[in-house]
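> curious how this folds, go ahead:
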Amino acid sequence: MEFYEKVAMVGGVTVAALHTRVVILAAFFVVFTLGLSSHLVFQHLSTYNGPSEQRWLIGIIFMIPVYSIASFVSLWAPEISIECNILGNCYEAFALYSFSRYLIACLGEEDMAVQKLEKQDSVGPHQPLVGDHSGYHMVYHPVPFSWFLEPWQLGRQFYDAVKFGIVQYMILKTVCVWLSLVLEQFELYGEGEFDWYKGYPYITLVLNFSQLWALYCLVQLYHVIKKELQAINPLAKFLTFKAVVFVTWWQGVIIAFIFSSGLALRWFSRKEVFRGHVQRGLQDLLICIEMAIAAVVHVFVYPATPYVQEFNIMGIVAKTMAEEDLEGTVARVKESFHDVVFGGGEHVVQDVKITMSQAVKPMETGIHKIKESCHDRIESWGGHLKETVTMEDTYAVNDESGASGTTVVKEIEATETIEHDNERDQPTESHVTTTTEVSFIPESDPVEVANSALPHDERSVLLKSTSHRVEHH
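Presented below is the predicted three-dimensional model:
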């Protein structure tokens, strides 16, 4: 409020008074949103009969109150709007992940989903999404993705590609949000400013591509499995979720562009001070209103009624929820909430680890190729490699399981010599690597015992490796 008291008038109304009216209006929508969303979440927790699906449904439903609260606090206290955006943006990425996990859970979890994907053989009536190629059913990409992406084979390859595309957004979104907070502390972020000396345009660009890729993967997943999920009305769920995530994000980008280009500043005085607050305030107010509408839609799109168990007693339908006493209901809600938090958290951690390993693996492959390239270049420059077994010991072994055989311990010294052009008076370099290997040869395999001097055995274990470089002048 202190900021708004410094700015005099907007349209004949003091800015402080205008801000108060806007906050009161937003508060009305927030209370309405929290009431509907809380009631829907409680229904799912108290009828928690499909945990594999409902834990992710609750994660999706929570996106609405999280967005609403974060936007309202940002509108009420603009000085902490960055912190509020961190909460909303991080949860948005998790909600997208939750939606994909919900679809997979409806197919019977990962293994069952992969099996159903492998059996998928449908072909679209117009431009086919799924086709047959060399005996395998493939997913072909539309332009422009087809320019740089090979078709995905339905099954494990398709599932891993989709999961990677969705989880990468969750990781990048979280990293970029915290990076924006750090940049803001040094006044280098410039929220809503398309200034190339600020961090906002670069982070926005990265997140746009990341979100586009995640939504594309989600669309591909939906198109492939929509026939399998007709019972849950997947189209309504998909459009509702996509509208909340996609519309709010691009709405913020468009508002930022309008204010950054100066189109909206003609109505306000003290532009250099007022611009950022009005821009964020407008976005926050719109989100508060939109989340109230989304909360109403969620009641019909993500209901808890499919998970209410019913049975007939003398022709009368009785619901198990109505028969439980208050204490039983509270205990059930606590157990359900515990499963949502910890059960869902285990899946998140596991998928993040898998995605990180998939991202690191190409880097390791690239480093290995670089090493091979360097080795080939060394040989082309006149270098040569020589391996010598400097020590070899043989031991008889009898372990507790009854297996017997021979253990061979070898110390191999590899010398790589590089001879430079003598006209430049460069020294000759020798790179010496000492490797210790242990090989176990079963007694029942005399052929392998006879060939135990071979340096590379399938059961060899690398104990240690040391290296040093020597220059000869």
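> so who does residue 68 touch?
29, 30, 33, 34, 287, 288, 291, 292, 295 (Cβ atoms under 8 Å, 6 or more residues apart in numbering). No exception for glycine: its C-beta is placed from N, CA and C like everyone else's.
> would you list these in CSV and tack on pLDDT and secondary structure?
Formatted as CSV, these follow (pLDDT from 0 to 100; DSSP: H, G, I helix; E, B strand; the rest coil):
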residue, pLDDT, secondary structure
29, 97, helix
30, 97, helix
33, 96, helix
34, 96, helix
287, 94, helix
288, 94, helix
291, 95, helix
292, 96, helix
295, 96, helix
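> among the residues you listed, which pair sits farthest apart?
Maximum pairwise distance among the contacts of residue 68 (Cβ to Cβ): 14.0 Å, between 34 and 287.
> thinking again about what came up before, turn the contacts of residue 68 into TSV, including neighbour count and distance to residue 138.
Listed next are the contacts of residue 68 as TSV, based on neighbours: other Cβ atoms under 10 Å; distance: Cβ to Cβ, whole Å:
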residue	neighbour count	distance to residue 138
29	21	46
30	23	47
33	26	43
34	18	46
287	26	40
288	27	44
291	29	39
292	22	43
295	23	40
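> poorly predicted segments of this structure, please.
By pLDDT under 70, the weakly predicted segments of the chain are 1-15, 120-136, 192, 262-276, 309-409, 411-473.
> let me see the ranges of the strands in it.
Ranges of strands within the chain are 9-10, 13-14, 130-133, 136-139, 152-153, 310-313, 316-319, 384-398, 404-418, 428-442, 461-472, based on DSSP state E.
> show me where this structure has helices.
2-6, 15-46, 51-61, 63-76, 81-106, 109-118, 156-185, 200-225, 234-260, 271-301, 320-323, 326-338, 344-380, 446-450 (DSSP state H).
> specify the stretch among the ones you listed that is closest to residue 149.
Counting by Cβ to Cβ, residue 149 lies closest to helix 156-185 out of the helices of the chain; the figure is 9.1 Å.
> that closest one vs helix 109-118, what angle?
Orientation check (axes from the mean of the first three to the mean of the last three Cα atoms, to 10 degrees): helix 156-185 against helix 109-118 gives 130 degrees.
> relative to residue 296, how far out is residue 32?
9 Å (Cβ to Cβ, to the nearest Å).
> between these two, which is the more surrounded one?
Neighbour count, other Cβ atoms under 10 Å: between residue 32 and residue 296, residue 32 has more, with 17 against 13.
> for that one, give me its contacts.
Neighbouring residues of residue 32 by Cβ under 8 Å, 6+ apart: 292, 295.
> redo the contacts of residue 68 as JSON lines? Include distance to residue 281.
Output for the contacts of residue 68, formatted as JSON lines (distance: Cβ to Cβ, whole Å):
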{"residue": "29", "distance to residue 281": "14"}
{"residue": "30", "distance to residue 281": "15"}
{"residue": "33", "distance to residue 281": "18"}
{"residue": "34", "distance to residue 281": "20"}
{"residue": "287", "distance to residue 281": "11"}
{"residue": "288", "distance to residue 281": "11"}
{"residue": "291", "distance to residue 281": "16"}
{"residue": "292", "distance to residue 281": "17"}
{"residue": "295", "distance to residue 281": "22"}
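> for those, which one is nearest residue 236?
Nearest to residue 236 among the contacts of residue 68, counting by Cβ to Cβ, is residue 295 at 15.3 Å.
> count the residues that sit near the closest residue in space to residue 207 that isn't next to it in sequence.
Residue nearest to residue 207 in three dimensions, not counting chain neighbours: residue 176, with 5.6 Å by Cβ to Cβ, 6 or more residues apart in numbering. By other Cβ under 10 Å, 20 other residues sit near residue 176.
> over to residue 193?
Residue 193: 18 neighbours (other Cβ under 10 Å).
> try residue 147
Quick note: residue 147 (other Cβ under 10 Å) scores 7 neighbours.
> go on, residue 35?
Number of residues near residue 35 (other Cβ under 10 Å) recorded here: 13.
> check residue 118 too.
So residue 118, with other Cβ under 10 Å, has 17 neighbours.
> I'd say it and residue 154 touch.
Yes - assessed by Cβ atoms under 8 Å, residue 118 is found in contact with residue 154 at 6.1 Å.
> quick one: common contacting residues for these two?
With Cβ under 8 Å, 6+ apart as the test, residue 118 and residue 154 both reach residue 137.
> picking that back up, the residue nearest to residue 207 and residue 229, how far apart?
Residue 176 sits 32 Å away from residue 229, going by Cβ to Cβ.
> residues contacting the closest residue to residue 178 other than its chain neighbours?
Closest residue in space to residue 178, ignoring its immediate chain neighbours: residue 86 at 7.0 Å, by Cβ to Cβ, 6+ apart. Residue 86 makes contact with 177, 178, 180, 181 under the criterion Cβ under 8 Å, 6+ apart.
> switch to 10 Å and redo it
Residue 86 makes contact with 70, 80, 174, 177, 178, 180, 181, according to Cβ atoms under 10 Å, 6 or more residues apart in numbering.
> for the nearest residue to the third one once chain neighbours are set aside, give its distance to residue 230.
Spelled out, it's residue 174. The shortest distance from residue 174 to any non-neighbouring residue, by Cβ to Cβ, 6+ apart, is to residue 90 (5.3 Å). Counting by Cβ to Cβ, the gap from residue 90 to residue 230 is 33 Å.
> tell me which of the two has more neighbours.
Counting neighbours by other Cβ under 10 Å for residue 90 and for residue 230 shows that residue 90 has the greater number, 18 against 9.
> distance of that one from residue 179?
Applying Cβ to Cβ, the value for residue 90 to residue 179 is 12 Å.
> so what's residue 191 up against?
81-82, 85, 180, 183-184, 198-200, 203-204, 252, 256, 276, 279-280.
> between those residues, which sits nearest residue 25?
residue 280 (16.0 Å).
> tell me who's in contact with that closest one.
Neighbours of residue 280 in contact, by Cβ under 10 Å, 6+ apart: 71, 74-75, 78, 81-82, 84-85, 191-192, 252, 255-256, 259.
> rerun that using 7 Å as the cut-off
Residue 280 is in contact with 74, 78, 81, counting by Cβ atoms under 7 Å, 6 or more residues apart in numbering.
> hang on, the second one packs against residue 277?
Yes - distance between residue 78 and residue 277: 5.0 Å, which falls inside the contact criterion (Cβ atoms under 7 Å).
> against residue 277, how distant is residue 43?
Here residue 43 is placed at a distance of 39 Å from residue 277 (Cβ to Cβ).
> what's the answer for residue 74, then?
Distance of residue 74 to residue 277, computed by Cβ to Cβ: 10 Å.
> with residue 21 instead?
15 Å.
> which of those two has more residues huddled nearby?
Ranked by neighbour count (other Cβ under 10 Å), residue 21 and residue 277 place residue 277 first, with 19 against 11.
> break this protein down into its structural domains.
According to automatic domain parsing, the chain comprises the domains 2-120+155-329, 383-472.
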